[in-house]
Every structure is written in C-alpha cells, then in structure tokens.
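[1] sharing a model prediction with you, sequence too.
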Amino acid sequence: MDKGSTSHETQRFGSFGSFFRRCILSILSIAPIPNHIAFIMDGNRRYCKKKNLMEGAGHRVGFSALMAMLRYCYELGVKCVTVYAFSIDNFKRRPEEVQSLMELMQEKIEGLIKEESIVNHYGIRVYFIGNLKLMSKPVRLAAEKAMVATASNSRAVLSICIAYTSTDEIVHAVQESCQEKWDEIRELNASGAGYGLIELDGNRREQGEHYIGVADVEKHMYMAVAPDPDIIIRASGETRLSNFLLWQSSYCLLYSPFVLWPEIGFQHLVWAVLEFQRNYFYLKEKKKS
Amino acid sequence: PRGANVRVLAVVLLIVVGGAVGLRHASELQRVCRFNNGFGRGDTESLSLGCSGENCVISLGQSCNLGLFLLWHILHFIVTFWYFALRIANALESCLISSGLLKKYKALCSGKIQCLAIVMDSKDADQTSKVIELLQWLGALGVKYVCLYDTEGVLKKSKEAITGSGRFSHAKSSEEAAKTDPLLDQEIITVEFASFSDGKAAVVKAANLLFVKYYLGGEQEEPILSESHVAEALEAIGCGGPDPDLLLVYGPGRCHLGFPAWRIRYTEIV
C-alpha cells in the first residue's frame, strides 16, 4: 500500500514538475530561443567520488542527466543540441576506464535506436561527430547504425562528439579541402582543360593566390551538419573549452555553472537561455559586422 | 522611535536599490523590447522593429499573452538584480584588494601566467589610454606577454601609440619575443595585437600553404596532414603566437569573439 501511495505521489510531483516546466518554457518563448546549444559533460568522476559510488557509476548518472537535459531542450524548441561525450585526450586515461566508457557508450547508442527512445519521440536525427576511426569497432558500428536509422528524422538534430577535438577537426577539414582541390586540378588536367595548369601554378604560388577559401574548409568540418552553437554550457564550473568547437564558437555565449554534470538541472538551462536573451542583440551585431 | 527609524531607512534603501535595478532593467528593456511586438516564437526577422524604449506598442491579442510578457520581464528583472548585486560585491572586493586588507591577494604569483590574452569590444579599444592603463596594471602584476584582441583590428591601428607609451615591446614574431634582454626582463611586456583576420582566415592561409607545399610541390601521392603541420604553417605565416593561459573578456557576454581558435584549446576564459 505504501509503495502504491509513494509512486502516486511521485507521479503527481512529476506531472506538477512538467506543468511548471512547460509554464517556464512558454514564458521564455516570448523572446528568441537559441537555435543550437552545446554541452560539455564534465564532472562525472568528481560526482562519483563525492557520492562514494562505484567507479563508472558517475557516467551512468551523467547519462540520465543528459537525457533529462535533452528532453528540456527539445521541449523548449531548441533545434540542435551538441554533446561532448568523449575527447581524443580522454584516450590517455586508464585503459579500464576507457574500456568501461566504450561499453557504456555502445549500450546507450544501441538504446537510442529503440522505438520508445527520446530520439523517435522528438524526431531527432543523430550524428556522431569526430574521428570515428579511433573508436573500437563495435562502438563505431553501433554509431553508424544509429546514424542510418535516424537519417529520416528531421525535426531536430543531436550531435554526439566522440573521439573529437577541435584541432583534429580543423586538420581533417584542411586535409579534405586540400584533397578536394587536388582532385579538381587533376581532373582539369586530365580532361585537357588545364592547359598546363601546373606551370601556371608556379606564378600563382608566387602571388600567393588562394586555392582554398573559408567556405571550403567549413564545408569539410565534422560540424557542418549543424549551424554554429548559440550557447556552450560547461558543467562543473571550469572555464576552459578543452578543444571543443573552437572554430564554431566565435559568437557563442559561454556559460559555466558551478554544478557537476550529473547534478545539472532545468534551472541551469533556464538561466543559460535568459543570459542568451540578454546578450542576443549584442552578439547579433557582432556577427553582422 | 529607533525601530521606526531603522524601518524607514530600510524602506528608503530598498527603494533606491529597486530604482537602480529598475533603471538598469529599463535600459535593457529598450534592447529586448524590439522583438516583443508580436509575441512570436523566436522569429525575430518577421517581427517589425516598431517600438522604442518605454513606448512599446503591445498588440493585446489575448490577456494571457500580456501575462506571459510580464512574467518574462520579471524573470529578466531577477537576472538583472542578480548581476547588479554581483557588481556591488565585486566593487567592494576591489576596494578591499586595493587597500591591501585582503591578505590572500598580497602575494599574487603571476609567474604562472606565461601569456595572457585580452578580448575587448572594438568600441572600447578606441580608448587607447584605458588600454595603456590596463597594460600598466598587468605589468605591475608581473605578466610578461599580453595578446590584445579586438574583432575589427582597432587595436592594431593604435599599435604605435600603445607600444610607444611605456615599457612595452611589440612582438613581431615569436623569435623576437624570445630575444628580450634578460636585464630588462622585469620591465618589458611583450604585446601582441590580433584581430578577426588572425582567426579563421589565418587557418585558411595555412591550408593554402600546406596545399602548395605538400600537394602541388610534393612527391607523395596522398600526403597525410597532422596537427604539427598546421601548427608549423600557422607559424610560417606569422600567426603562431603562444597559447594564452588566461583569456579575459571585456564585454557584456562571455564570448571570445573569434580569437584565433588554434590557440585557445586549454585557455581559461573568464
């Protein structure tokens, strides 16, 4: 009997909570809502130590916090969400920890494709951003499968950054644009339309003419699937970007609440959006000029 | 009578604080009000910018919309009040620090900061005297290398004025920065000037350099580029300054406004 009444209570509390959330979200919608929010999920291990949990349990709690934040974001109407799940620097951690993280990721990625998951509820298209070749094969396959399975969703976008660092992304984009240009030149030469383009290139080289432009590099970025972020929220109060979205965060607001990732809640998202609204015109002017 | 006096004082204080916050909020209201003409959802381009300041023309479609509008202002008022309180607390702390009362700030070990970067609004950058003052304070703290950044390059234009006015040396390239005379080391700050073109455009120039070097001029069929190649190319074009340890943003929002991305990987941005 007791259990029944407590579960009834939690249900009522839960529905009151969601009603309250919907009220706040409708108030916030008066002003522009950010189009793209990025999260750096920092503080799982510190949370684990703080609550004396088993190793690795912090990441699981972090995952449920992530699901909650995603739900709030999509309810608010944010079209794109990016999440920094695993950095290339994180490979330097202890092998057991890396292994357990890989297993957790594989489990959760497979969970995402299921029918009743949040992804299908909100019509989210999932992208896995990063140098996926560095990941172990099962995780990579699960990620590719998830990307294919959600390819038809179009209401929102979720980008999960695994094996990602911004510098690696820039290098990759530079390499790809060089390769594309090279292939273009070779094709022109092969079809005879080059007219000795290679000789002409000697002159161009001296003049320092541009082969590759900003647009070429940007189109080969891993994050070309989403617009630039409007807010980057880093949990645990650290003020660094840690090699995350450095290229895309030129006019992006940085917000670092003093809360560990597993403890992040609706109120932090609300504060971040209010800050965004306060600085909306300032950043818009900066972007234009 | 004494109790009544205290109460009157408290009420007056509350009115003054409330008024100050209200004024601040009203000045922001002028900005944010522009898109409240239709209570539309985020689609600001379609909303006409037809209101200014206090004379907001609110289309009263439904009374609940007005209610939401008021609640939104209340939420933002809370944020404004919070920042107001924060500014007062910071001002108090600054006074205490300058008067030397707070012991922990006396021994500020600034040897830890090899390179400090400052991002400021281009309008603020016009006030060259303030920039020079800031540099002098940083010098007093013991910072040796400062990178000044503003989006439009206003600081670059006032390069001569800034470096000429004190014991500042201009960093033309990293080699020159390393050559500072050790005897004068205590007094000279190396100042670097950067603008938006040193960010994305510099990486694109580096990409072109790499293309010419490895694809057009190289023998390998498929060269593999790595981070060190890009770093070398950036140095070659003169945008390879040291990575700042700390980046101070002067402006309403915490945003690095396009500071060269390659250099702020692990920089604390405040």
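    It's in. Residues are numbered from 1 along each chain as shown, chains lettered A, B, ... in the order given.
[2] centre-most residue in chain A?
    Central residue of chain A (Cα atoms, centre = their mean): A:Thr82, 2.0 Å from the mean position.
[3] now stretch A:131-144: mean pLDDT?
    Stretch A:131-144 carries an average pLDDT of 90.
[4] can you pull out the helices in the stretch 101-250 of chain B?
    B:122-125, B:128-141, B:154-157, B:159-164, B:174-178, B:200-210, B:227-236 (DSSP state H, counting those that start in this stretch).
[5] could I get the ones you listed as CSV with mean neighbour count and distance to B:Arg2?
    Glycine gets a C-beta too; all of them are placed from N, C-alpha and C. Shown next, in CSV, are the helices of the stretch 101-250 of chain B (neighbours: other Cβ atoms under 10 Å in any protein chain shown; distance: least, Cβ to Cβ, whole Å):
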stretch, mean neighbour count, distance to B:Arg2
helix B:122-125, 17, 48
helix B:128-141, 15, 45
helix B:154-157, 19, 57
helix B:159-164, 14, 57
helix B:174-178, 13, 65
helix B:200-210, 22, 66
helix B:227-236, 17, 70
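[6] out of these, the one nearest A:Tyr122 is which?
    Among these, the nearest to A:Tyr122 by Cβ to Cβ is helix B:200-210 (32.6 Å).
[7] show me what that closest one is packed against.
    helix A:166-190, helix A:214-219, helix B:227-236 (3 or more Cβ pairs under 8 Å, 6 or more residues apart in numbering or on different chains; DSSP states H and E).
[8] the same query, at a cut-off of 6 Å, please.
    The helices and strands touching helix B:200-210, judged by 3 or more Cβ pairs under 6 Å, 6 or more residues apart in numbering or on different chains; DSSP states H and E, are helix A:214-219, helix B:227-236.
[9] and the nearest residue to B:Ile237 once chain neighbours are set aside, what's its pLDDT?
    Distance criterion Cβ to Cβ, 6 or more residues apart in numbering or on different chains; nearest residue to B:Ile237, sequence neighbours excluded, is B:Lys205 at 5.2 Å. With respect to pLDDT, B:Lys205 scores 90.
[10] swap in the one 4 residues further on?
    Residue-level confidence at B:Leu209 comes out at 88, pLDDT.
[11] which residues sit against stretch A:153-164?
    A:74, A:79-86, A:88, A:122-131, A:134-135, A:226 (Cβ atoms under 6 Å, 6 or more residues apart in numbering or on different chains).
[12] make sure A:Phe86 is indeed in a helix.
    No: per DSSP: H, G, I helix; E, B strand; the rest coil, A:Phe86 lies outside any helix segment and is strand.
[13] ok, and the residue nearest to it when sequence neighbours are not counted, which helix or strand is that part of?
    By the measure of Cβ to Cβ, 6+ apart, the closest residue to A:Phe86 outside its immediate chain neighbours is A:Ile162, 4.4 Å from it. A:Ile162 is part of strand A:156-164 when elements are defined by DSSP states H and E.
[14] in its sheet, what does that strand sit against?
    strand A:80-87 (parallel), strand A:124-129 (parallel) (DSSP bridges).
[15] if we can go back for a sec, gap between the residue nearest to B:Ile237 and B:Ala233?
    As judged by Cβ to Cβ, to the nearest Å, B:Lys205 and B:Ala233 stand 8 Å apart.
[16] where does chain B come near chain A, residue by residue?
    B:31, B:39, B:41-42, B:44, B:68, B:71-72, B:79, B:200, B:204, B:207-208, B:211-212, B:215-216, B:225, B:227, B:230, B:252-255, B:258, B:261, B:265-266, B:268-270 (Cβ under 6 Å from any Cβ of the partner chain).
[17] counting only strands, which of those residues make the cut?
    B:Glu268, B:Ile269 (DSSP state E).
[18] give me the buried subset of the residues of chain B next to chain A.
    Those of these that meet the buried threshold are B:39, B:42, B:44, B:68, B:71-72, B:79, B:200, B:204, B:207-208, B:211-212, B:215-216, B:225, B:230, B:253-255, B:258, B:261, B:265, B:269, by 16 or more other Cβ atoms under 10 Å in any protein chain shown.
[19] before we move on, back to that, tell me how far the strand holding A:Ile162 lies from the chain's centre.
    4 Å (Cα atoms, centre = their mean, to the nearest Å).
[20] tell me the helices and strands packed up against the longest helix along chain B.
    Determined from DSSP state H, the single longest helix within chain B is helix B:63-98. Helix B:63-98 sits against helix A:2-28, helix B:2-32, with contacts defined as 3+ Cβ pairs under 6 Å, 6+ apart.
[21] one more time with 8 Å, if that's ok
    helix A:2-28, helix A:266-278, helix B:2-32.
[22] mind putting those into JSON lines with mean pLDDT and distance to B:Lys156?
    Converted to JSON lines, the helices and strands packed on helix B:63-98 look like this (pLDDT from 0 to 100; distance: least, Cβ to Cβ, whole Å):
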{"stretch": "helix A:2-28", "mean pLDDT": "78", "distance to B:Lys156": "40"}
{"stretch": "helix A:266-278", "mean pLDDT": "92", "distance to B:Lys156": "30"}
{"stretch": "helix B:2-32", "mean pLDDT": "77", "distance to B:Lys156": "29"}
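[23] where does the stretch 151-270 of chain B have low pLDDT?
    The model of the stretch 151-270 of chain B has pLDDT under 70 over residues B:166-167, B:169-187, B:218-220.
[24] any weak-confidence spans in the stretch 51-200 of chain A?
    In the stretch 51-200 of chain A (pLDDT under 70), the answer is A:115-116, A:192-200.
[25] near chain B, which residues of it? Just list them.
    A:77, A:165-168, A:170-171, A:174-175, A:177-179, A:181-182, A:198 (Cβ under 8 Å from any Cβ of the partner chain).
[26] domains in chain B, by residue range?
    Domains of chain B are assigned by automatic domain parsing as B:2-103, B:110-199+B:239-269.
[27] go through those and pick out the most buried.
    Greatest average neighbour count among those goes to domain B:110-199+B:239-269 (a mean of 18), per mean count of other Cβ atoms under 10 Å in any protein chain shown.
[28] can you give me how far that one is from the chain middle?
    The answer for domain B:110-199+B:239-269 is 12 Å, by Cα atoms, centre = their mean.
[29] do the same with stretch A:33-40
    For stretch A:33-40 - counting by Cα atoms, centre = their mean - the centre lies 9 Å from the chain centre.
[30] since that was my last question, I'll sign off now.
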